[in-house]
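In: here is the input, now give the coordinates:
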Amino acid sequence: MSECLHVAEMPRPEPAPLADTCPECLADGMHPVQLRLCLSCGHVGCCDSSSGRHATGHFSSTGHPVMRTFEPGEAWRWCFVDGAIV
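Out: Residues are numbered from 1 along each chain as shown. Here you go, the predicted structure:
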């Protein structure tokens with residue numbers, strides 16, 4: 001893992017999740033796959049393995065750069081801007 005400038009800019013403590021699952025998937029009647037938590041605002045979205053790709057869509061619409069896995073037992077983070085695990 002590497003550090004990027006975006007990680008240093010994230011709020012601490014990290015924001016509380018705004019939902020328990022991907023609200024866009026629920027609204028579209030889809031089953032979310034592998035949830036992600038936006039570390040800027042707490043949005044919960046599904047990963048790119050889901051047909052909705054809502055975590056990536058959230059980055060595209062907001063520019064919020066870093067998310068972390070929202071899966072139990074996992075702790076990695078991803079920077080969309082740098083395209084790297086951070």
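In: and L5, how far from A84?
Out: In this view, L5 and A84 are 12 Å apart by Cβ to Cβ, to the nearest Å. Quick note: C-beta positions are derived from backbone N, CA and C, even for glycine.
In: where exactly do the strands run in this structure?
Out: Secondary structure of the chain by DSSP state E: the strands cover 35-38, 44-46, 66-69, 77-79, 84-85.
In: and the last one, what does it pack against?
Out: To tie it back to what came earlier, the one meant is strand 84-85. strand 77-79 (3 or more Cβ pairs under 8 Å, 6 or more residues apart in numbering; DSSP states H and E).
In: Provide the strand pairings for the strand it packs on, with the direction of each partner.
Out: Strand 77-79 pairs in its sheet with strand 66-69 (antiparallel), strand 84-85 (antiparallel), by DSSP bridges.
In: pick the most buried one from these.
Out: Per-stretch averages of neighbours, counted by mean count of other Cβ atoms under 10 Å, single out strand 66-69 among these, with a mean of 20.
In: can I get that strand as PDB, trimmed to CA atoms?
Out: Output of strand 66-69 as PDB, limited to C-alpha atoms (Å, rounded to 0.1, in the frame of the first residue of the first chain):
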ATOM      1  CA  VAL A  66     -10.900   7.900  -1.200                       C
ATOM      2  CA  MET A  67     -13.100   5.100  -0.200                       C
ATOM      3  CA  ARG A  68     -12.600   2.100   2.000                       C
ATOM      4  CA  THR A  69     -14.100  -1.400   1.900                       C
END
